[in-house]
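1. Structure, please.
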Amino acid sequence: MFLGTHEPKLDDKGRLVLPAKFRDDLAEGLVITKGQERCLFAFPMDEFRRVTEALAQAPVTHRAVRDYSRVFFASASHELLDKQGRVTIPPSLRTYAKLSRDCVVIGANTRIEIWDSQAWESYLADREQAFAELEEEVLPGVL
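-> Residues are numbered from 1 along each chain as shown. As a prediction, the model looks like this:
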C-alpha cells in the first residue's frame with residue numbers, strides 16, 4: 001500500500017527520487033504510464049500484472065476498452081530504480097504530465113501517482129471541497 005504526499009525534484013536527466021518507504025515494493029521495477037487528469041501512474045510489477053489480467057478479461061469488442069488499452073499500454077514503460085532510489089521518467093511521459101522540476105508523488109493505495117506540483121495544487125483546490133462534502137452513497141458500506 002502506498003500512502004502520503006512527497007515533493008521530490010525532477011533532475012535535468014528526467015530522474016525522480018522516489019520515497020524510501022516505497023522502494024522495497026518496487027525492487028522488481030515499476031511500470032509508469034499515462035494516468036487520468038494528466039498525471040502518471042506508477043505500478044509495482046505485481047499490481048501491473050493484476051491490472052493487465054483484468055484488462056485482458058474486458059471485451060475488446062467495446063470501443064472504450066480498446067481505446068483505454070491502447071493508450072495505457074502504448075505509453076507504458078518498465079523502469080528500474082537506481083542505487084539512489086531514482087527512476088527515470090521517459091520524455092514522452094514527462095511531456096504528457098507537463099512535469100516541471102517541482103513534482104508531487106502521492107501514494108494512491110496500490111499505485112503511485114506522479115504530478116507536476118502546480119497541476120496537483122490545482123487539482124486539490126478543485127476537488128478537496130467536493131471530497132469534504134461526499135455523501136455516504138458514494139462509498140456505501142466502506143466508510
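2. okay, CA-based contacts and neighbour counts for the rest of this
-> Will do.
3. what residue ranges in the protein are flagged as low confidence?
-> By pLDDT under 70, the low-scoring segments of the chain are 136-143.
4. What segments of it are helices?
-> Applying DSSP state H to the chain gives helices spanning 20-23, 45-57, 63-74, 91-96, 117-132.
5. Nearest to the spatial middle of this protein, which residue is it?
-> By Cα atoms, centre = their mean, the chain has its centre lying nearest to residue 41, at 1.9 Å.
6. who's in contact with the most far-flung residue of the chain relative to its centre?
-> Distance from the centre of the chain peaks at residue 61, with 26.9 Å (Cα atoms, centre = their mean). Contacts for residue 61 (Cα atoms under 8 Å, 6 or more residues apart in numbering) come out as none.
7. same check, this time on residue 16
-> By Cα under 8 Å, 6+ apart, the residues touching residue 16 are 8, 9, 10, 86, 87, 88, 89.
8. Tell me how many other residues crowd residue 121.
-> Residues within reach of residue 121, counting by other Cα atoms under 10 Å, total 13.
9. State the distance from it to residue 46.
-> Relative to residue 46, residue 121 is positioned 30 Å away (Cα to Cα, to the nearest Å).
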